[in-house]
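Sequence and predicted model, in that order:
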Amino acid sequence: MSDNSSQNMSYKAGEAKGQAQEKASSMMDRATDAAQSAKESLQETGQQMMTKAQGAKEAVKDATGMNK
């Protein structure tokens, strides 16, 4: 194996490693974005449930005369 061939293989290996690292980083970014989106969606759903529960509580209080 000539020195030039060895350098070329080393270059290609380094290039492949860099591409793999970039792909992994991109996948992590997408996973982070998906997790953040899911978190926000759950927070919104939780807030909606709390609002509905508060409304139901007030309706029961109104119906039983406890809200006066």
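Now that the structure is in, tell me what you want to look at. Owing to the predicted nature of the structure, the values given are computational and were not obtained by experimental measurement.

Quick check: pLDDT value at M50.
Listed pLDDT for M50 reads 97.

Next up, the contacts around it.
Taking CB atoms under 8 Å, 6 or more residues apart in numbering, we find M50 in contact with no residue. C-beta coordinates here come from the backbone N, C-alpha and C atoms, glycine included.

In terms of helices and strands, where is it?
Assigned by DSSP states H and E, M50 falls within helix 3-64.

got it, and M66?
Under DSSP H and E, no helix or strand contains M66.

check contacts around it.
The contact partners of M66, taken as CB under 8 Å, 6+ apart, are V60.

now swap in G65 and tell me
If a contact means CB under 8 Å, 6+ apart, then G65 has no contacts.

What's the separation between it and G14?
Taking CB to CB, to the nearest Å as the measure, G65 falls 78 Å from G14.

Pull the distance from the helix holding M50 to the chain's centre.
Distance of helix 3-64 from the chain centroid (CA atoms, centre = their mean, to the nearest Å) equals 1 Å.

Dead centre of the chain: give me the residue that sits there.
A35 (1.6 Å; CA atoms, centre = their mean).

Kindly give the local confidence score, pLDDT, for A53.
Predicted confidence (pLDDT) for A53: 97.

one step back: who's in contact with the residue nearest to the centre of the chain?
By CB under 8 Å, 6+ apart, A35 has no neighbours at all.

what's the answer for S5, then?
By CB under 8 Å, 6+ apart, S5 has no neighbours at all.

Please tell me how far the residue nearest to the centre of the chain sits from S41.
The spacing between A35 and S41, counted by CB to CB, is 11 Å.

Then M50?
From M50 to S41 the distance is 15 Å (CB to CB).

K57 now?
Distance, K57 to S41, using CB to CB: 25 Å.

do the same with S6
S6 sits at a distance of 53 Å from S41 (criterion: CB to CB).

and what of K52?
For K52, the distance to S41 - CB to CB - is 17 Å.

Could you list the low-confidence segments of this protein?
Within the chain, the segments meeting pLDDT under 70 span 1-2, 68.
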